[in-house]
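**Q** how does the following fold in three dimensions:
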Amino acid sequence: MRPVSNASNTAARVRARGRSAGPSALLVLAVYTPLALYLFRATEHTGDGAAYTLQVSAGVALDRAVHAGWLAPLTAWTQLLDLFGVPAAGATNAASALAMGLGLLGLERLGRELARETGGRATDGLLAPATALCSVAVWDAATFCEVYGPLSATCIGAVLALRSGRSVVAGIAAFAALAVHPGALALLPGLLILGTPPGRNLRPAFEAVVVTTVLATAWVLLLGPSSWLGPRGLLAPGADVLAPQALQRAWRLLARDLGISALPLLVGGLLAWTRRDARGLRWLMGCGLLLLGTVLGLDRFSDNPANLPLFLLCTPLAALAPAALRAFPPRAARAGSFLVVAVLVLGIAEATTRQDAVARSASKAAEARQLECDSPGPAGVPWRERMLSELACAAR
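**A** Here you go, the predicted model:
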C-alpha cells in the first residue's frame, strides 16, 4: 500500500502547485503593473537607450547588430505602435516594461519550484520577485530602454524551459540571450546548472546546447563575425571595468541598491549552504557560475547594468528564507513573517521612489533639450548628450 500512498501524495503536491500558480502570478502582476505604469515615461535617460530608440525608429535594427536579437523585434514593435501614434521612446520603454514583467513571472515560478523542492511552500516563491522589486536597477530596466532587462528575461526563460524538460525551447531561449548580447555566452554554464536539478536526466541539457550552438552558428554566419566582434561588438574599445571592479559592482547592487531588503536573499542562501540540501546547493553553484561569467565576460562597461541577469537569477534563493522562520515557535515565526513582509514592502516603496526621481528628472531634461533644438549645439558635446538631444528633438 505504501507505493499507492506515495503516488497519491505526489499527485496532491502537483495539484497544489497548479492551484497556487495562478493567484501568485496575479499577485505579482497586481503589484508590478500599476507601479510600472506610474513610472512610465516616453523618454530616455542614457545614451544607449536614446541610441537604441533612434535606431529602431529609423528601422535599422542591424546598425548595432551585436544586440540585434532585441533590436530587430523592437523595431517591428516600435513601427507597429507608431501607426497608433505612440512615440518611439514610449514604444521601446513599454517593451522594456513587458520584458521585465515576464521575467518577474518567471522568477515567481522558479522560486515556487525551488521552495517546494526543498520542503517549503509554494507561496514562498513570491519572495523571489518581491526581492527583485526592491532593486532600483530592476525598476530602471523596466522604465527605460536597455538590453539587459530583455537579456535577463531570456535567461530566466531558458532556465524555466530546461527545468521543464523542454530542451528545444530552452535552446531557443539561450540563443535569444546570445542574440540580445553575445556576452551571455559566459552565463551559459550557470544557466545549465540552474536548469538541471540534481538527479535529473542530462539529455535535455545536451539537446539544448546543440540547439543553441546550431542557431548561434547560423546567426553569426548570417550577420558576419564582425557584427559581434567588430567596433561595436565584444571587442569594442573603451571597456572600463575589469574583473575586480565588476565584482565590486555586483556587491554594491546587493549592499547599496537592496540594502536591508537583501535579508531574505542572504538568509535563503545561507540556509541552502548550512542545510546541505542538494537542490539548494545546486542553485548556489549556478549563481556562483553566473557571478564568474558576469565578472569575466559580461560586465565590461561602467554605464551598463550587466549584473542584472545574475541578480535576478539569484533571487529564487529568497524563497528558502521562510523555512528558517518556521523553525521558531509559532508566535515568533508569525512576527518574523510580518517583519519580512514589512521590509520588502518598504524596500519596494523606496526603490520606486528613487526611480520616480530619475524618471521625473529625465522628463524635465528632455523638455529642456527640446527648447534648444533650433539652436546649434556647442562643439565637443559628449556622445550621451548628443543622442539624448537628438531623440528629444525627434519627438518634438
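**Q** now the spatially most central residue of the chain. Nearest residue, chain neighbours left out?
**A** The residue lying closest to the centre of the chain (C-alpha atoms, centre = their mean) is Ser152, at 3.2 Å. Excluding the flanking residues, the one nearest Ser152 by C-beta to C-beta, 6 or more residues apart in numbering is Pro309, at 4.4 Å. The C-beta positions use only the backbone N, C-alpha and C, and glycine is treated the same way.
**Q** and the one you found, what does it touch?
**A** For Pro309, the contact set (C-beta atoms under 8 Å, 6 or more residues apart in numbering) comprises 148, 151-152, 155, 184, 187, 290, 294, 298.
**Q** now, those that are in helices?
**A** If you go by DSSP state H, those have 148, 151-152, 155, 290 in helices.
**Q** and those residues, which is closest to Val28?
**A** Ser152 (15.3 Å; C-beta to C-beta).
**Q** mind checking how far that closest one is from Ala246?
**A** 17 Å (C-beta to C-beta, to the nearest Å).
**Q** swap in Leu325?
**A** From Leu325 to Ala246 the distance is 34 Å (C-beta to C-beta).
**Q** which of the two has more neighbours?
**A** Per other C-beta atoms under 10 Å, whichever of Leu325 and Ala246 has more neighbours is Ala246, with 21 against 16.
**Q** surely that one meets Asn307?
**A** Yes. Assessed by C-beta atoms under 8 Å, Ala246 is found in contact with Asn307 at 7.5 Å.
**Q** which SSE is immediately downstream of the host helix or strand of Leu178?
**A** Using DSSP states H and E, Leu178 sits within helix 167-180. Sequence order places helix 188-195 as the next helix or strand after helix 167-180, per DSSP H and E.
**Q** for this structure, give me the ranges with low pLDDT.
**A** Applying pLDDT under 70 to the chain flags the ranges 1-21, 230-232, 377, 379.
**Q** in it, where's the longest helix?
**A** Max-length helix for the chain by DSSP H is helix 330-370.
**Q** gap between Leu242 and Val169?
**A** 36 Å.
**Q** settle it for me: which of the two has more neighbours?
**A** Val169 (17 against 12).
**Q** quick one: contacts for the more buried one?
**A** Val169 is in contact with 157, 161, counting by C-beta under 8 Å, 6+ apart.
**Q** do Leu290 as well
**A** Contacts of Leu290 by C-beta under 8 Å, 6+ apart are 187, 190-191, 194, 309-310, 313-314.
**Q** touching, Thr212 and Ser167? I think so.
**A** No. Applying C-beta under 8 Å, one finds Thr212 not in contact with Ser167, separated by 10.0 Å.
**Q** which of these two has more neighbours?
**A** The neighbour count for Thr212 versus Ser167, taken as other C-beta under 10 Å, is higher for Thr212 (24 against 21).
**Q** and the helix or strand where that one lies, what does it pack against?
**A** Assigned by DSSP H and E, Thr212 belongs to helix 203-223. When contacts are defined as 3 or more C-beta pairs under 8 Å, 6 or more residues apart in numbering; DSSP states H and E, helix 203-223 sits against helix 148-163, helix 167-180, helix 188-195.
**Q** switch the cut-off to 10 Å
**A** Here helix 203-223 touches helix 68-82, helix 148-163, helix 167-180, helix 188-195, helix 225-229, going by 3 or more C-beta pairs under 10 Å, 6 or more residues apart in numbering; DSSP states H and E.
**Q** looking at these, which is closest to Trp139?
**A** helix 148-163 (10.2 Å).
**Q** tabulate the CA atom coordinates of the closest one in PDB.
**A** Below are the C-alpha coordinates for helix 148-163, written out as PDB (Å, rounded to 0.1, in the frame of the first residue of the first chain):
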ATOM      1  CA  TYR A 148      19.900  43.900 -20.000                       C
ATOM      2  CA  GLY A 149      16.200  43.600 -19.000                       C
ATOM      3  CA  PRO A 150      15.300  41.500 -22.100                       C
ATOM      4  CA  LEU A 151      18.600  39.600 -21.600                       C
ATOM      5  CA  SER A 152      17.500  38.700 -18.100                       C
ATOM      6  CA  ALA A 153      14.100  37.600 -19.300                       C
ATOM      7  CA  THR A 154      15.500  35.300 -21.900                       C
ATOM      8  CA  CYS A 155      18.000  33.800 -19.400                       C
ATOM      9  CA  ILE A 156      15.100  33.100 -17.000                       C
ATOM     10  CA  GLY A 157      13.100  31.600 -19.800                       C
ATOM     11  CA  ALA A 158      15.900  29.300 -20.700                       C
ATOM     12  CA  VAL A 159      16.200  28.000 -17.100                       C
ATOM     13  CA  LEU A 160      12.500  27.500 -16.800                       C
ATOM     14  CA  ALA A 161      12.300  25.600 -20.100                       C
ATOM     15  CA  LEU A 162      15.200  23.400 -19.200                       C
ATOM     16  CA  ARG A 163      13.800  22.600 -15.800                       C
END
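**Q** ok now it, how far from the chain's centre?
**A** Relative to its parent chain, helix 148-163 has a centroid offset of 8 Å by C-alpha atoms, centre = their mean, to the nearest Å.
**Q** for that helix, packing partners?
**A** By 3+ C-beta pairs under 10 Å, 6+ apart, helix 148-163 packs against helix 68-82, helix 88-117, helix 136-143, helix 167-180, helix 188-195, helix 203-223, helix 308-314.
**Q** redo that, cut-off 8 Å
**A** helix 88-117, helix 136-143, helix 167-180, helix 188-195, helix 203-223, helix 308-314.
**Q** buried stuff in the shortest one?
**A** Pointing back at helix 308-314 there. The neighbour-count check on helix 308-314 (16 or more other C-beta atoms under 10 Å) flags 308-314 as buried.
**Q** farthest-separated two in the residues you listed?
**A** Checking these with C-beta to C-beta, the most distant pair is Leu308 and Cys314, at 10.9 Å.
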